[in-house]
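Chemist: got a sequence here, can you build the structure:
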Amino acid sequence: METTLNTFSIMFVCTGNMCRSPMAERLAWSLLARRLGPDVARFRVFSAGTGTRNGRAMTPEAAAVTSAYGADPNGFLSSELTPGHVAAADLVLTATRAHRSDVVTVDPVALRRSFTLTEFARTSSAVLASTPPTDLPFDPVERSRALVAAAARRRGTVRPSRPDEDDIPDPIGRPMEVYQSTGAVIAQAVDATISALVGVGVRH
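Modeler: The predicted structure is shown next:
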């Protein structure tokens with residue numbers, strides 16, 4: 001897999017690639033499609049797991065939460081994280097700090113484009129708050145690249161209230177209420193992330 005300058009790839013990472021990262025993947029794609037229209041073809045969104053095997057379905061609970069947010073969970077199958085996945089991603093968003101470390105262990109060069117999901121949402125929102133809109137490219141791919149670079153420069157300057165706020169707990173095997181709580185955190189972070197990357201408007 002190779003990236004090109006006129007496309008942008010986002011990878012979400014968790015452990016089993018059956019709950020957190022699939023929910024984030026499908027929610028992100030749904031938001032991108034709604035906001036970009038035909039330009040969504042220039043984006044790729046995928047996910048992988050650090051401790052899984054290929055071909056596992058999303059858990060029914062995760063699928064139900066994904067549907068509740070208006071995204072399509074159908075047809076999802078898990079993928080084991082590989083160096084090729086990391087190399088193909090322009091932005092890697094992980095469920096926890098440990099997953100972020102796993103990604104960087106696979107490919108140390110990926111450090112500047114790897115964040116936890118909540119870390120990137122928080123940092124990119126701060127970048128937007130301090131950057132005049134006219135300073136950001138209008139083209140969504142160019143804007144996304146600029147935001148990732150700016151977030152890398154701001155890494156660690158916009159801290160959470162507690163370090164563990166950058167870890168989204170694994171809901172697998174837990175009651176539906178835990179999935180819903182996890183889904184709410186993911187949905188909020190994904191919305192902030194996509195808004196930062198491509199803007200809040202709808203393109204035609």
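
Chemist: Ala68 and Gln188, how far apart?
Modeler: As defined by Cβ to Cβ, to the nearest Å, Ala68 lies at a distance of 14 Å from Gln188. (Glycine included, C-beta is placed from N, CA and C.)

Chemist: next one: Val106
Modeler: Counting by Cβ to Cβ, the separation of Val106 from Gln188 is 28 Å.

Chemist: more neighbours: which of those two?
Modeler: Ranked by neighbour count (other Cβ atoms under 10 Å), Val106 and Gln188 place Val106 first, with 19 against 13.

Chemist: quick one: the helices in this structure?
Modeler: Here the chain has its helices, by DSSP state H, at 20-36, 60-68, 83-88, 97-106, 117-129, 140-154, 176-198.

Chemist: out of those, deepest packed?
Modeler: helix 20-36 (a mean of 24; mean count of other Cβ atoms under 10 Å).

Chemist: what mean pLDDT does that one get?
Modeler: For helix 20-36, the mean pLDDT works out to 97.

Chemist: now it, how far from the centre of its chain.
Modeler: 8 Å (Cα atoms, centre = their mean, to the nearest Å).

Chemist: list the helices and strands that helix packs on?
Modeler: Helix 20-36 sits against strand 8-14, strand 43-49, helix 60-68, helix 176-198, with contacts defined as 3 or more Cβ pairs under 8 Å, 6 or more residues apart in numbering; DSSP states H and E.
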